[in-house]
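>>> Dropping the sequence and predicted coords here.
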Amino acid sequence: MAQVFDPVKERGMNDRIKRLRKESMTTQPHIYMERAVLETEAYKMYEGTVSAPELRALVLKHFFTNKTIEIGPDELIVGEKGDGPQSAPTFPELCCHTLQDMHNMNDRKIVNFTVTEEDLKIQEEMIIPFWEKRSMRKKILDSMTDEWKQAYAAGIFTEFMEQRGPGHTVGSSKAYEKGYLDYKADIQAALDKLDYLNDPEAIDKRNQLNAMSICCDAIMILGERYAKLAREMAEKETNEKRKAELLQIAANCEVVPAHKPQTFYQAVQAYWFTHLAVTTELNPWDAYSPGHFDQHLGPFYERDTAAGILTRDQALEIMECLWVKFNNQPAPPKVGITLKESSTYTDFANINTGGVTPEGEDGVNEVSYIILDCMDEMRLVQPNSNVQISRKNPQKFLKRACEIARQGWGQPAFYNTEAIIQELLNAGKTIEDARRGGCSGCVETGAFGNEAYILQGYFNLPKIFELTLFNGVDQMTGEQLGLQTGNAEDFETFEQLWDAFAKQVKHFVDIKVRGSNVIEGLFARYMPVPFLSILTNDCIARGKDYNAGGARYNVNYIQGVGIGTITDSLAAVKYNVFDNKKFTMKELLQAMKDNFVGHEAILNLVKNKTPKYGNDDDYADDLMKKVFYLYQEEVTGRPNMKGGTYRVDMLPTTCHVYFGSVMIASPNGRLANKPVSEGISPEKGADINGPTAVIKSCAKMDHLKTGGTLLNQKFTPEVLAGEAGLDHLADYVRSYFNMDGHHIQFNVVNKDLLIDAQNNPEEYRDLIVRVAGYSDYFRNLDRPLQDEIIERTEQNF
Amino acid sequence: METPLVFNIQKYSIHDGDGIRTSIFFKGCPLKCAWCHNPESQHYQVELMFYDSRCTGCGSCVSHCKKGAISIEGGKAVTNRALCNACGDCTDWCFQSAREVAGKTYTVDQLVKEAEKDRMFYENSGGGITLSGGEVMVQDMDYIEAVCKKLYDKGYSVDIDTCGYAPYENFKRILPYVDTFLYDIKAMQDEVHQKFIGTSNQLILENLIKLNEDGAKINIRIPVITGVNATEEFMIDVISFLKEHNISVKQVNLLPYHNTGMHKYKKLDRGYDEEALLGVPSAEQMEQFKALFVEHGYQNTKIGG
């Protein structure tokens, strides 16, 4: 196949963008200590003298007042979380890294973060002594029960808040409708209305609102500092063109973030300031996202182009500058299990281009196409640029998105607007709020600007089935990890086995939810996020924090992993042991323990002669539905501690690799330690009936009862070639969405190329592949994940 | 009714008619095209397929063959075709998936149910179901008519991919239910047809004229093979024939020959006529042929399906 991945230096609409993009791509990721230092200073100044939310607000203000700032050459959009591209601040209040952690970050082979001697010295002398016992990670682990710890260590589930804050937050139109001076006034109005005579929470609300007000000051200080810096630089600048640009930057920063933006350019800068504040206030999981960026920017674009002060190319250039900014932000480094469950290293910013307006009309506008052009031109792993496809969107828009997708670097992914709306309605949102919603992170559904929808961790369904087959004993350790639900060899019917499995699932969901509720309480008490609360309805009106139930809607998601593996395992047992008596349970368990060595006849039957999920075969697909409903009903509706409920997602990020690594062989022939299936995709190599059968099977799951499902499809480039190939891809997407499929994404590469890339990583530095709900550089994936992607069925159109 | 054998159901079929389709391949064909890609499509019986390269010679199949038809020779399983009745018992015991049975029966309702599975794709893409082969028009026509009628009544587009070598009454029976006939033309000169295909082309050309007269929608499909018909003369012959008989053509598909079928012959322990010296036409040639059709008014001419 033709090499479609251009060299690093070649992309961008002009020399400025090419230079910025190259700098973003080639700068070595490094740890940035200034945030931790300034935060520690702030705590030493204020801790014990103010409330928790005010303390957090003062940290943000102290940081924005004192952090080193710069404006890089060529930049049109200004502001960095750290000291420049690829600079990763640490958040010791969440996770206080040991010196060993920092050495590991520096020394690890894949995506290492440079840690200097000076950084280590600061960590050792200042950060560790102060934060070691204060960090949320310490508080969380101290609060968990032994059974939680045992299940966590065994890989039954993971815990998102162990190293990052509650997140998955997406911006609404609020960043463009008002400036922070306006929000400060709104907050003051709420303060004035507090009822100290009757409201027992009035004092807490006062503290929270005060904190929000301080946060408004904090971001305005940052804006003023950039305006001042730009003016100073302009004075010294000898190049007239650059001088004018710097003066424009200064003018922009004198308007935003204090006031609402007046132009397209200012609107983009306003978003970026907001983004920086959310992601430096705390380290929310998956950062922060612009959401319906095209709809937010559309009116500015219309106005500016009509007034003759903006051309399409200028808008595109501003957009490409923003793309570089997104790509500049590495996620704060993770360690331990959290690194395994999600070995991502960039902040996820998810853009939902397309969809519908709050009134339910076609949401595509010219900015939608500018974003697609930008995505196509820039080819960066961040932002996670995706499209929402509504039946109301023009076919031209879908086809333009397909045209980019078939180039084979994994973006855009496709979300189904109608499914998202129904999912949100089903979860109790109003129709307008549902239409304003979309997906963030990988595929997670939320009501943008109105909801705290917090991912809690992944849940290992195939492992729980493994435990069930062995009466609750973990075959990796010999420990009694689950309930004693009986010897599988004694079960006379499949239903008996099923009942045992259902008991085990309930048992572990109980443990997981108990832990999550406690963690939620810890965040509400110790780690509020007053800045994010300004942006989330109805935190100001309620005087409550985002982390304490201030949002209009509050959902906790637990993400089910391995539906393909668990379905095929259930089918293998039901079909061969109970229905057709091809072998006994005893023989199967022995084969699993022996990793199928010496049991080739059984392996052949379970791998090649048993109905499997992904082939539009009801025998297997009915079992998928059964296990999906078991899990979905067990989780859905349980109360969380913020007045909302728990719901399920079906996605893995990279956790299917970790979950597979803690398992012996599965009944479906998956060998020990190999990854389990990812997302709702079939087990690798199980789908042999072509791409339509895959999505028919997947669509039998009731997506509308979830908060997102993830489906990966790999195609060879040849089958998508030409106008007909594009039409077929578009029809394929529409068909899946007609069946209520939530999300689909494509890897368009052939197996040989991937194998070659694995063997010659240096020759494929730019090869981007779709991993789960995101794309990544193939060279940056570790070997098992690379193998996994290579083995995913290559669908032949 | 004698239930025909199906040897493959291909979903997401995008080269056999409009849109996204499901192609159903019936087993058995009256022609013997020297270049046939699908040896498993030629005979009307169930057959055992053997993937030579996957076989490790482990011998597991040998002990599970009730007919004693399998032996290991030179590190590979060898099947005595005279003894093998294609029962398929050995396939369960082949751990390398080297053994497979070609040919399966479906009742009319079962086949319709299978064909309907991809309804959503047909409706979004303007696709449907294509009955192919082997040769569909020489199968039991009670069965084929019943399948076509049921699919038609349910609102699906049914295309028939045919070599044309069948009694015209067979065509007549299904005509009301068929969307488009994908009609193969391989050679215009009868002696060439006899040489490479083993039969006269007279019936094929007659049927095409009749189908057109009866108002059928027709796509002309030409497998282009160097050494057989990859010449401008042949293309002109086809065009002249179409013009002479006023045959109304929806689309012309020029299908460049490829020789990927070679390895399949081994699977059936069947020889391949290498002496025929068939060749792959060049991309330039294909473009020239396409231009020729376009020049003569067949604007909707495509290279490929």
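Received the coordinates, thanks.
>>> got the residues of chain B near chain A?
With Cβ under 8 Å from any Cβ of the partner chain as the criterion, chain B meets chain A at residues B:10-12, B:14, B:19-20, B:60, B:92-95, B:97, B:117-118, B:120-121, B:123-125, B:127. Any C-beta I mention is one placed from the backbone N, CA and C, and that applies to glycine too.
>>> could you check whether the helix or strand that contains residue A:605 is close to chain B?
Taking DSSP states H and E as the definition, residue A:605 sits inside helix A:600-608. Yes: counting by Cβ under 8 Å from any Cβ, chain B is contacted by helix A:600-608 at A:600, A:601, A:603, A:604, A:605, A:608.
>>> List the buried residues for that helix?
Neighbour-count burial for helix A:600-608, counted by 16 or more other Cβ atoms under 10 Å in any protein chain shown, picks out A:601, A:602, A:603, A:604, A:605, A:606, A:607, A:608.
>>> Quick one, which of the residues of chain B next to chain A are buried?
Among the residues of chain B next to chain A, those scoring as buried are B:10-12, B:14, B:19-20, B:60, B:92-95, B:117-118, B:120-121, B:123-125, B:127 (criterion: 16+ other Cβ under 10 Å).
>>> Return the distance of the helix holding residue A:605 from the chain's centre.
On the basis of Cα atoms, centre = their mean, to the nearest Å, helix A:600-608 is displaced by 37 Å from the centre of the chain it belongs to.
>>> Check stretch A:470-485 too.
32 Å.
>>> Could you pull up the contacting residues of residue A:740?
Neighbour list for residue A:740: A:416, A:418, A:419, A:422, A:699, A:702, A:703, A:704 [criterion: Cβ atoms under 8 Å, 6 or more residues apart in numbering or on different chains].
>>> Which one of these is nearest to chain B?
residue A:699 (8.4 Å; Cβ to the nearest Cβ).
>>> Look at the closest one and say how many residues are nearby.
Each residue near residue A:699 was counted by other Cβ atoms under 10 Å in any protein chain shown, and the total is 23.
>>> residues touching it, list them.
Counting by Cβ under 8 Å, 6+ apart, residue A:699 touches A:736, A:739, A:740, A:741.
>>> Then residue A:385?
Residue A:385 makes contact with A:351, A:353, A:371, A:374, A:375, A:411, A:412, according to Cβ under 8 Å, 6+ apart.
>>> Can you classify it as helix, strand or coil?
The local conformation at residue A:385, judged by DSSP: H, G, I helix; E, B strand; the rest coil, is strand.
>>> re earlier: nearest to chain B, of the contacts of residue A:385?
Nearest to chain B, judged by Cβ to the nearest Cβ, of the contacts of residue A:385 is residue A:412 at 19.6 Å.
>>> Nearest residue to residue A:575 in space, ignoring adjacent ones along the chain?
residue A:610 (5.0 Å; Cβ to Cβ, 6 or more residues apart in numbering or on different chains).
>>> Pull stretch A:377-385 out as CSV, backbone CA atoms only.
The C-alpha coordinates for stretch A:377-385 follow below in CSV (Å, rounded to 0.1, in the frame of the first residue of the first chain):
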residue,chain,number,x,y,z
GLU,A,377,-4.2,18.6,7.6
MET,A,378,-2.8,18.2,11.1
ARG,A,379,-3.0,14.5,11.8
LEU,A,380,-2.3,14.7,15.5
VAL,A,381,-3.4,12.3,18.2
GLN,A,382,-4.9,15.2,20.1
PRO,A,383,-7.4,16.7,20.1
ASN,A,384,-9.5,13.5,19.7
SER,A,385,-11.4,14.9,16.7
